[in-house]
Every structure is written in structure tokens, then in C-alpha cells.
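Asker: below are the sequence and a predicted model for it; my questions follow.
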Amino acid sequence: MPRRAIRAGIARAVSAAVAWLRAVSGDDAYERYLTHHARAHEGPPLDRRAFYEERERRKWSGVSRCC
């Protein structure tokens, strides 16, 4: 197998691993929001700061106990 093919395969694997890690950690949340907003909503989307502020507000408002 030529070295170029091996390097390309490794690059694809690393890229896929980084994409997976961003997805499970929530790091790609804003990009996913922009994609969803473009398909489902009219008007301008929130900027990155407003998006994360709203996300944190929703996460921490309301009942914060188990029972």
C-alpha cells in the first residue's frame, strides 16, 4: 500500500474521531444549531454568545433537584 494512501486513511480516521468527540462533548452544538435554524426557521440566528447564554439559562433554570 503506498504511503500516500496510508496517510489519507489515517487522516480520515483522525478527522472522524475529532468529529465524534465534538459531537459527544457538545462542542459542535452551535454549528448544529445553525444548520437546524437555516432549515426550520426564518430570520437571523442567534450569535454564538447569545446561543450559549440561552443554552446555559435553559440548563440551569427550573427545578435542580432529583425529587
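Answerer: Great, that's in hand.

Asker: which residues in the chain form strands?
Answerer: Per DSSP state E, the chain carries no strands over any range.

Asker: and the residue nearest the centre of it?
Answerer: By C-alpha atoms, centre = their mean, the chain has its centre lying nearest to D28, at 1.4 Å.

Asker: which ones are touching it?
Answerer: D28 makes contacts with 19, 22, as judged by C-beta atoms under 8 Å, 6 or more residues apart in numbering. C-beta: built from backbone N, CA, C; applies to glycine.

Asker: likewise for E54?
Answerer: E54 neighbours (C-beta under 8 Å, 6+ apart): L46.

Asker: and the spatially closest residue to Y33 that is not a sequence neighbour, how many neighbours does it have?
Answerer: Excluding its sequence neighbours, the residue lying closest to Y33 (C-beta to C-beta, 6 or more residues apart in numbering) is F51, at 5.9 Å. When neighbours are counted by other C-beta atoms under 10 Å, F51 registers 16.

Asker: how about Y33?
Answerer: 17.

Asker: ok, it to E53 distance?
Answerer: In this structure, Y33 and E53 are 13 Å apart, going by C-beta to C-beta, to the nearest Å.

Asker: next one: R32
Answerer: Remark: distance between R32 and E53 (C-beta to C-beta) = 17 Å.

Asker: from the chain's centre, how far out does stretch 57-67 sit?
Answerer: Here stretch 57-67 is found 22 Å from its chain centre; the criterion is C-alpha atoms, centre = their mean, to the nearest Å.

Asker: actually stretch 5-21, not the one I typed
Answerer: Stretch 5-21 sits 18 Å away from the centroid of its parent chain (C-alpha atoms, centre = their mean).

Asker: run through who's touching it.
Answerer: With C-beta under 8 Å, 6+ apart as the test, stretch 5-21 has contacts from 27-28.

Asker: I10 versus Y52, what's the distance?
Answerer: 33 Å.

Asker: out of those two, which sits in the busier spot?
Answerer: Neighbour count, other C-beta under 10 Å: between Y52 and I10, Y52 has more, with 14 against 10.
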